[in-house]
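Q: fold the following, please.
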Amino acid sequence: MVTIQDAKSVSADLADWFNPVFIFIFGSVARCGAGNDLDMLIVVDDAKNDINETNRKIQVHLIPYFHHFSIDPFIVGLSAARKRLQNGSPFLDSILKDAVLLYSRNPSEAGLLPQGEPGKKDAENAICSAEKVAKTVPD
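A: Purely as a prediction, here's the structure:
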């Protein structure tokens, strides 16, 4: 069984190690506080990171947690997430319907989403805003 506390621990570890743009959880842990697995949406800055390499690195980093519970990370680039949301992605729509924000890289971006229970529109706005910020920050 995985709990919301487990999700917070994994999220904090990923945030410290990789510094993604956002980390959301969804599924049973987000809805009920506990579940059989941990479903995560990890939004990364795809302007600075190769998404395939990022996915590989995150999967390897999560290996120690796999001994305790199952984690299903869905890793998406910021610009790809924005494009999918604008074009209508049933998968992202269903994720964001019950998503809980556990981490935001930029405190001003975190203010765009109510901690604990963002709605789909709030998540879309935060992803779009984060992409604008990412484009203005020099390498």
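
Q: only C-alpha atoms for contact and neighbour calcs from this point on.
A: Fine.

Q: point out where the protein drops to low pLDDT.
A: 107-139 (pLDDT under 70).

Q: can you do 50?
A: Applying pLDDT under 50 to the chain flags residues 110-118, 132-139.

Q: hey, where'd the strands end up in it?
A: Applying DSSP state E to the chain gives strands spanning 2-3, 22-26, 34-35, 37-44, 70-77, 100-104.

Q: deepest of these, which one?
A: For the strands of the chain, average neighbour numbers computed from mean count of other C-alpha atoms under 10 Å are highest in strand 22-26, which has a mean of 25.

Q: which helices and strands sit right next to that one?
A: Applying 3 or more C-alpha pairs under 8 Å, 6 or more residues apart in numbering; DSSP states H and E, one finds that strand 22-26 contacts strand 37-44, strand 100-104.

Q: export it as CSV, just CAs?
A: This file holds the C-alpha atoms of strand 22-26, laid out as CSV (Å, rounded to 0.1, in the frame of the first residue of the first chain):
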residue,chain,number,x,y,z
PHE,A,22,5.9,20.3,-11.6
ILE,A,23,5.1,17.0,-9.9
PHE,A,24,1.5,16.0,-9.7
ILE,A,25,0.1,12.8,-8.3
PHE,A,26,-3.2,11.3,-9.6
